[in-house]
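In: model this:
(chains A, B, C and D)
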There are 4 protein chains.
Amino acid sequence: MIRVTVWGENVHERSEAPVRAIYPDGMHHTIAAAISALLSDKVTVRTATLDQPDHGLGDTALDDTDVLVWWGHIAHEAVDDALVHRIHQRILGGLGLVALHSAHYSKIFRRLMGTSCSLRWRNDGERETVWTVDPAHPIAAGIPQPIVIDAQEMYGEHFDIPAPDELVFVSSFAGGEVFRSGCCFRRGVGRIFYFSPGDQAFPVYHHPDVRRVVANAVEWAAPPSHQLGYRTDNPYTPAGWYE
Amino acid sequence: MIRVTVWGENVHERSEAPVRAIYPDGMHHTIAAAISALLSDKVTVRTATLDQPDHGLGDTALDDTDVLVWWGHIAHEAVDDALVHRIHQRILGGLGLVALHSAHYSKIFRRLMGTSCSLRWRNDGERETVWTVDPAHPIAAGIPQPIVIDAQEMYGEHFDIPAPDELVFVSSFAGGEVFRSGCCFRRGVGRIFYFSPGDQAFPVYHHPDVRRVVANAVEWAAPPSHQLGYRTDNPYTPAGWYE
Amino acid sequence: MIRVTVWGENVHERSEAPVRAIYPDGMHHTIAAAISALLSDKVTVRTATLDQPDHGLGDTALDDTDVLVWWGHIAHEAVDDALVHRIHQRILGGLGLVALHSAHYSKIFRRLMGTSCSLRWRNDGERETVWTVDPAHPIAAGIPQPIVIDAQEMYGEHFDIPAPDELVFVSSFAGGEVFRSGCCFRRGVGRIFYFSPGDQAFPVYHHPDVRRVVANAVEWAAPPSHQLGYRTDNPYTPAGWYE
Amino acid sequence: MIRVTVWGENVHERSEAPVRAIYPDGMHHTIAAAISALLSDKVTVRTATLDQPDHGLGDTALDDTDVLVWWGHIAHEAVDDALVHRIHQRILGGLGLVALHSAHYSKIFRRLMGTSCSLRWRNDGERETVWTVDPAHPIAAGIPQPIVIDAQEMYGEHFDIPAPDELVFVSSFAGGEVFRSGCCFRRGVGRIFYFSPGDQAFPVYHHPDVRRVVANAVEWAAPPSHQLGYRTDNPYTPAGWYE
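Out: Numbers count the residues shown, from 1 in each chain, chains lettered A, B, ... in the order given. Presented below is the predicted three-dimensional model:
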C-alpha cells in the first residue's frame, strides 16, 4: 500500500465563496478522494492542512507517508522553514512529491529545484490543452491526447526550472502560450512530479483526466520497496553502503 | 570562417507556381541568403540541390563544409543511400547539421535519431507561435518571446524523437496543438539542430526571426577549432587518442 | 507474465573449447536460466540463436516477446538486415531490448543509437568494478556498491553513444579506465538497456550480481500494460490517437 | 573580456605549513594565475577571500564579475547566508560559477543543486585518472585522454547531485572507485561547472591539464553577450520580455 498524504493550504476555500462552491470540503479533500477512488486497492490516503499543528506534517505523519501531494498558493510564506527542511531531507531519502499548480512557488519545490521557478501567468479562464510528449511514460497511461480543460489560469514559458529529467506533458492555451506542464525530477533517491493544471477558481480537480494524471503520478513517485532501507540520518545513502 | 552548405531538394519550387512565387530561386537560395546576410563576416555559404551530380555533395563539397543545412520534403527517397552514409559518418566526426521542417523525415535525420520521427500534421495555414523555453541558449539569442508566424503548417505532438539533449523552442498552433520545434542533439562529436517552421507553401524563410534562428543554429552547430584534428577514418576519435 | 527471448550468437561457444567450458549450453542458456531463476513467477523465457531459421526470431517468436535480450560479437554482420528492420520497428512500438557487452556493435543497437558505438578495449582479464551512480533506479535494486568482477575484458571511454536518458552504472578497470557500463535509452515507446559486463572468455554471467542486473533490466524494459494497444503498422502511435 | 573572480577560503594555506609550501600565496592565487596565463587576452582576473569584508564579494565586486570560481572546504559554514542568497540570484541571472573540489559542500553549490551533494572520500594521496566522456564539449578542448594526477584525494560515487545537464569527465582512482568529476548544470540563465580534482594537500592546481580544464570552464561559464540585458531585479527574465 502506498501511503499518501494530500497537503492543502486550505485558505481560498474558506475565505472565498466561489472557491468553496467548487471545493466545499477543500481542494485537498477532492484531490484525496480522486486518488482513493482511482487507486483504491493500492493506497491509503490522508489529508493535512496549513492550520493544523505542525501543518499536519509532524514526524509521525511523515513517517507514515510515502508520497506527499502539495497544493499551496497564497500562504507559501506561512509554511514553517524547519518543516520545509525536514520534508526536503525526506524527499532526498525517498519520499515522493507531487507538486500541483501554484506549488511551483512553494518553499519545498523551490528548495528542490534551486531556481526561481518563476513563470508567466494570466487568469482569464481560458482553454488549456495538455499534450503528451512522452507516450510511454507511466504518468501518461490512459490519458487522452490531448486533455482539454475548458477554463484554466494560463501558466506560460519561460518557466525557470532545471531541465526536467523527464518531460511528460506540454500545454497550450487559447492565447497561444505554451508551458511544460508535466515534469519529472529525481533528487537524492526521491521522485518529484510537477503538474500545472489546477487553479482554485476552476473545477480542475473534478476533471477525470486530471484526476487520472494525479493518481498516476502518485504511483510513479512512490519509493520502490528496495529503498526502504535508506538511512534516515543520511537519507541519500542506502544502509550498508558505507562503513 | 564557417563554411556552410545549404542543401535544398528544389522540387516544389520548380513544379508548383505558388511555391515559385515565394521562392523564385528556390528555398535553398533564400535560406543561404539569410545566413550570409546575418553572419556576413563569419561564413561562406554555398548551395547544393538534389538534381546536381552527387546531389551537389560530393567529397570535395563535403570537405569544404562545416555546417550542412538540409531542407527536403517530397523526394527524401531519391537521396542516394551511399551519400547518406557518408554524411552520417561526417556528422559523427564533427560536421554540423541544421535540419529544417520536413527534414524530420529525411534519411539522414532518421538515421541519426534511430526513431521513426513521425508527427501529426495539418496544413491549414494557421498561426504558429514559437516560444523559447531555454532563454540562455545561444540559438535563442536575440529572438523575441514569442516568434509569431501568421501562416504555417501545423506540426504536432507526439513527435517521435529521442529526448533532445537541449530543448530550445516549443510551438503552439491556432488549433491548440504543441510541438517541440527547436531541438538540439549531439551525436559523435557532431551537433544537430532541428527547427520545424518552414513549409514551402508559406514565406516562412523570409520571416526575420526565423532567419535569425537559422543563423544562430549555424553558429551553434559549427565544430569548434579543437575538433579539426579528428580522424576521418574513425571520425568520432580525436587524433592521438588511440595507438 | 513478461515474455523474454534471449538471443545468443552462439558461435564462440561452439568453436572455442575454453568458452564451451564456461558455457557448455551456450551463453544464451546461462543468461536465460538466470532470468528464469530470479524472476521465476514473473517471466517465461525462451532462447533463440543465429543458426536457427530466421535466427529464431520470426514474426511468431517476436509476437510472443515482450523483452529481447541480445548477445552477439563475432557475427554481427551475419544478422539479416530485414530482421533488424523488423526488430527496430517493434522496439519503437514497445518491445524492450537488453543489449549485453559486445552487442554495442550489433546492427540493432547501432541502428537505435544513430552513432558509431565505438569504444576502447583491451582483453587482459583484469578486474572490473561496477559502481551505481543512480541508486534509486530500479535496475540498481539489490545491487552491492560496487559489483566486483575479478576478470573481464576492459571496455573504456570514449564510448560513442548519445547521452543516455538515464545513467545507472559506471565501471572502472584495473588499468584505470572508466566506462558508462549501464545506460538506459528510450526510443519510440520502447526501452533499451545496455550493460557492458560479459565477455565470452570469462564466467561473467555466472556472477550473481551481474545476473541480478540482467533480471532487473528485463523487468524495467518490459512494456507496461497500457502500451498493449499500440498499432503495429505505426508502432510508435497509441491506438485511437490519430484518425 | 571575461571578468573573473577567484574566491578562496584561504584557511588551510595559512594554518598548515604543508599546504603553504604548495600554495605560498594561497590556492586562489595559483588558480587565478593559471586562468590569467591561459586566457591572457580574454580575461581580467581578481581574487577574493573569506576574511575580507563581505568575503571580498560585495555588490561592487559582483557587479564586475562574469564568472566566479569557488574553492572552499573547512569553513563553508562561515560564509554569510545573505551573501549566498545574493550570489544565488546573480547566478540565476547569468553569472557563471566554477565550483572546485570540496566546493561540492559549499552553501552556494548545495543551494543550486537542491540535493545533499554528499559523496564518498578517502585521503590517501592516490592516483586519479580523469577521462573525457564528451570529447566534443568545449571544456574538454585540448585535454589529453586521460589526465593523470599522481596523488589526489579520492572522491567516489554515489555523488548525490541532480543528473548533470552535460557530463564531461569521469574519474577513476587507484582503489577502483569512480566519480562524475566534471559536470555541467544550467540554472536560470546561469551556467555552473563542477570539477572535482583539487585537494589542498596536493599540488593539483599546478598540473597543466587541470589548469587547462579550469580555464576552459571559465570560458564556457561566461554569460554570452546577448544576456547582458537581463534584469537584475528579476534575474531570470530578459529585459523586455514581460510588460
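In: do the helix ranked longest in chain A and chain B come into contact?
Out: Longest helix of chain A, by residue count under DSSP state H: helix A:208-221. No - between helix A:208-221 and chain B, judged by Cβ under 8 Å from any Cβ of the partner chain, nothing touches; the nearest distance is 15.0 Å. For glycine as for every other residue, the C-beta is placed from the backbone atoms N, C-alpha and C.
In: please compute how far that helix lies from its chain's middle.
Out: 10 Å (Cα atoms, centre = their mean, to the nearest Å).
In: got the contact list for A:H88?
Out: A:I108, A:R111, A:L112 (Cβ atoms under 8 Å, 6 or more residues apart in numbering or on different chains).
In: just give the number of residues close to the last one.
Out: With neighbours defined by other Cβ atoms under 10 Å in any protein chain shown, the count for A:L112 comes to 28.
In: any idea how far it lies from C:S118?
Out: A:L112 sits 38 Å away from C:S118, going by Cβ to Cβ, to the nearest Å.
In: again, but for the second one
Out: The span separating A:R111 from C:S118 equals 42 Å under the rule Cβ to Cβ.
In: show me which of these two is the more surrounded one.
Out: C:S118 (20 against 17).
In: centroid-nearest residue for chain A?
Out: In chain A, the C-alpha nearest the mean C-alpha coordinate belongs to A:A99, at 2.1 Å (Cα atoms, centre = their mean).
In: before we move on, back to that, closest to B:V43 among the contacts of A:H88?
Out: A:L112 (43.0 Å; Cβ to Cβ).
In: and the closest one, what element?
Out: With secondary structure defined by DSSP states H and E, A:L112 is part of helix A:107-113.
In: does chain C have contacts with that helix?
Out: No - judged by Cβ under 8 Å from any Cβ, helix A:107-113 and chain C are separated, with a smallest distance of 14.4 Å.
In: which other helices and strands does that helix contact?
Out: On a contact count with 3 or more Cβ pairs under 8 Å, 6 or more residues apart in numbering or on different chains; DSSP states H and E, helix A:107-113 meets helix A:81-92, strand A:96-100, strand A:178-187, strand A:190-195.
In: quick one: closest of the ones you listed to A:A201.
Out: strand A:96-100 (14.4 Å).
In: centre of the chain to that closest one, how far?
Out: 3 Å.
In: can you map out the strands along chain A?
Out: Per DSSP state E, chain A carries strands over the ranges A:2-8, A:43-49, A:67-71, A:96-100, A:120-132, A:147-156, A:166-173, A:178-187, A:190-195.
In: can you put these in TSV and add mean pLDDT and distance to chain D?
Out: Below are the strands of chain A laid out as TSV (pLDDT from 0 to 100; distance: least, Cβ to the nearest Cβ, whole Å):
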stretch	mean pLDDT	distance to chain D
strand A:2-8	97	19
strand A:43-49	98	23
strand A:67-71	98	15
strand A:96-100	98	12
strand A:120-132	94	7
strand A:147-156	95	10
strand A:166-173	98	10
strand A:178-187	98	5
strand A:190-195	97	9
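In: closest to B:A140 out of those?
Out: The nearest among these, by Cβ to Cβ, is strand A:178-187 at 14.3 Å.
In: quick check: the gap between A:Q152 and B:V148.
Out: As judged by Cβ to Cβ, A:Q152 and B:V148 stand 22 Å apart.
In: those two: which is more packed in?
Out: A:Q152 (27 against 12).
In: name whatever forms a beta bridge with the more buried one.
Out: A:E126 (DSSP bridges).
In: distance to C:H73 for the strands of chain A - can I get that in TSV?
Out: Shown next, in TSV, are the strands of chain A (distance: least, Cβ to Cβ, whole Å):
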stretch	distance to C:H73
strand A:2-8	43
strand A:43-49	47
strand A:67-71	44
strand A:96-100	41
strand A:120-132	39
strand A:147-156	47
strand A:166-173	33
strand A:178-187	34
strand A:190-195	37
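In: for B:V218, find the nearest of those.
Out: Across these, closest to B:V218 is strand A:178-187 (Cβ to Cβ), at 25.2 Å.
In: give the other helices and strands that the closest one contacts.
Out: helix A:107-113, strand A:120-132, strand A:147-156, strand A:166-173, strand A:190-195, strand B:166-173.
In: if we use 6 Å, what do you get?
Out: Here strand A:178-187 touches strand A:166-173, strand A:190-195, going by 3 or more Cβ pairs under 6 Å, 6 or more residues apart in numbering or on different chains; DSSP states H and E.
In: figure out which of those is closest to C:V19.
Out: Of those, the one closest to C:V19 (Cβ to Cβ) turns out to be strand A:166-173, at 40.1 Å.
In: what about the residue lying closest to A:E77 once chain neighbours are set aside, distance to chain C?
Out: Excluding the flanking residues, the one nearest A:E77 by Cβ to Cβ, 6 or more residues apart in numbering or on different chains is A:K107, at 8.0 Å. A:K107 is 23 Å from chain C, where distance means Cβ to the nearest Cβ, to the nearest Å.
In: what about A:K107, how many residues nearby?
Out: The burial count for A:K107: 20, using other Cβ under 10 Å.
In: pretty sure it contacts A:V84?
Out: Yes - between A:K107 and A:V84 there is a contact under Cβ atoms under 6 Å: 4.5 Å.
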